[in-house]
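Enquirer: Quick one, structure for this:
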Amino acid sequence: MAGSLEGLLVLDLTSVSAGPAWAWPTAATSVATSTTVSASLASFAQNASTVLTATVRPASGTTTPTGMVTFTSGSTSLGSAALSNGTASITVAGTSLQVGSDTITASYGGASGFSSSSGTTTVTVSSTSGTASSVTATATPNPVSGVNSVWTFNVALVNAGGATTVKTMTINGANYSGYISSWFGTTQLAANGTLSVNLQARGVTPGTNEVFVFTGADPSGRTWTANVTVQLK
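Expert: Got it, this is the predicted structure:
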């Protein structure tokens, strides 16, 4: 009938249940990480190499982070490696870096449950060019005459070439490398320079020989050996 609502279904909304509760989804949280990087050789020549190792640790929890680490020097990419037990390593040639001081950055890109992080270290690359050292060892006087069972003499390292570093020293096969700095004042032998020390031998038998052997390395990585035998009369 016109104008009549009879026969129509009336919906009572007060009888409808509230239904399920709705909530906005929350973003998954990631554990913060820290990244450190080290070099097997902090100083090396262009013709040598070093191993870079990054270590990624979680700020909390015991789960070891996974994912990739990228190594760079400035804008130069040095390579990437996957984490294994929290570490990632690559070998970098000196020719891949600039001569001088280089800042190496290890960047962890993050992974499921872990945030990204980065760390840096510094390495120094020396040029392979330049003058090689020419080191000889001398003793003065030699032979040495003892006075009251004391033999006094001077041992010198004379360099007729480029700058170099004294690495080891033995006397009659015994290692005295730890005395290089205290006896000679330094381990660095300048270009065309000399290092010397006055020594005394006591409690030895006349006729004994004291054999000094020195080894060293140039900035290029070139190594050398110099020796002198001191005769005690």
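Enquirer: contacts, neighbours, all on C-alpha from now
Expert: Fine.
Enquirer: what's the burial count for A59?
Expert: 11 (other C-alpha atoms under 10 Å).
Enquirer: thought it was touching S30?
Expert: No. Applying C-alpha atoms under 8 Å, one finds A59 not in contact with S30, separated by 10.4 Å.
Enquirer: How about the residue nearest to the spatial centre of the chain, nearest residue that isn't a chain neighbour?
Expert: Central residue of the chain (C-alpha atoms, centre = their mean): A39, 3.0 Å from the mean position. Leaving out its chain neighbours, the residue that sits closest to A39 by C-alpha to C-alpha, 6 or more residues apart in numbering is L52, at 4.6 Å.
Enquirer: what's the burial count for the one you found?
Expert: Neighbour number of L52 under other C-alpha under 10 Å is 22.
Enquirer: can I assume it is in contact with V69?
Expert: No. Checked against C-alpha under 8 Å, the pair L52 and V69 is beyond contact range at 11.0 Å.
Enquirer: hey, where'd the helices end up in the chain?
Expert: 180-184 (DSSP state H).
Enquirer: Report all helices and strands that the helix or strand of it with the lowest mean pLDDT contacts.
Expert: None of the helices or strands of the chain scores lower by mean pLDDT, DSSP states H and E than strand 43-45, at a mean of 85. When contacts are defined as 3 or more C-alpha pairs under 8 Å, 6 or more residues apart in numbering; DSSP states H and E, strand 43-45 packs onto strand 117-126.
Enquirer: residues in contact with the closest residue in space to T131 that isn't next to it in sequence?
Expert: Leaving aside its sequence neighbours, T131 sits nearest to G162 (C-alpha to C-alpha, 6+ apart; 4.8 Å). Applying C-alpha atoms under 8 Å, 6 or more residues apart in numbering to G162 gives the contacts G130, T131, A132, S133, S134, A190, A191, N192, D218.
Enquirer: now with 7 Å?
Expert: T131, A132, S133, A191, N192 (C-alpha atoms under 7 Å, 6 or more residues apart in numbering).
Enquirer: how is this protein carved up into domains?
Expert: Domain assignment for the chain by automatic domain parsing gives 33-126, 135-231.
Enquirer: how long is the last one end to end?
Expert: Which is domain 135-231. Length of domain 135-231, first residue to last, C-alpha to C-alpha, to the nearest Å: 21 Å.
Enquirer: swap in stretch 76-89?
Expert: Taking C-alpha to C-alpha, the first and last residues of stretch 76-89 lie 17 Å apart.
Enquirer: Please apply the same query to stretch 32-52.
Expert: End-to-end distance (C-alpha to C-alpha), stretch 32-52: 23 Å.
Enquirer: Numbering from 48 from now on, please.
Expert: With the count now opening at 48, the last piece we talked about shows up as stretch 79-99.
Enquirer: Touching that stretch from outside, list them.
Expert: Here stretch 79-99 makes contact (C-alpha under 7 Å, 6+ apart) with 100-106, 136-142, 153, 161-168, 170-175, 266-268.
Enquirer: Pull out the buried members of those residues.
Expert: Buried by 16 or more other C-alpha atoms under 10 Å: 100-105, 136-137, 139-141, 153, 161-168, 170-175, 266-268, out of these.
Enquirer: Surely T255 and T276 touch.
Expert: No. Look at T255 against T276 with C-alpha atoms under 7 Å: they stay out of range, at 10.1 Å.
Enquirer: Looking at these two, which has the bigger crowd around it?
Expert: T276 (17 against 11).
Enquirer: Apart from its neighbours in sequence, what residue is nearest that one?
Expert: Nearest residue to T276, sequence neighbours excluded (C-alpha to C-alpha, 6+ apart): V258, at 4.4 Å.
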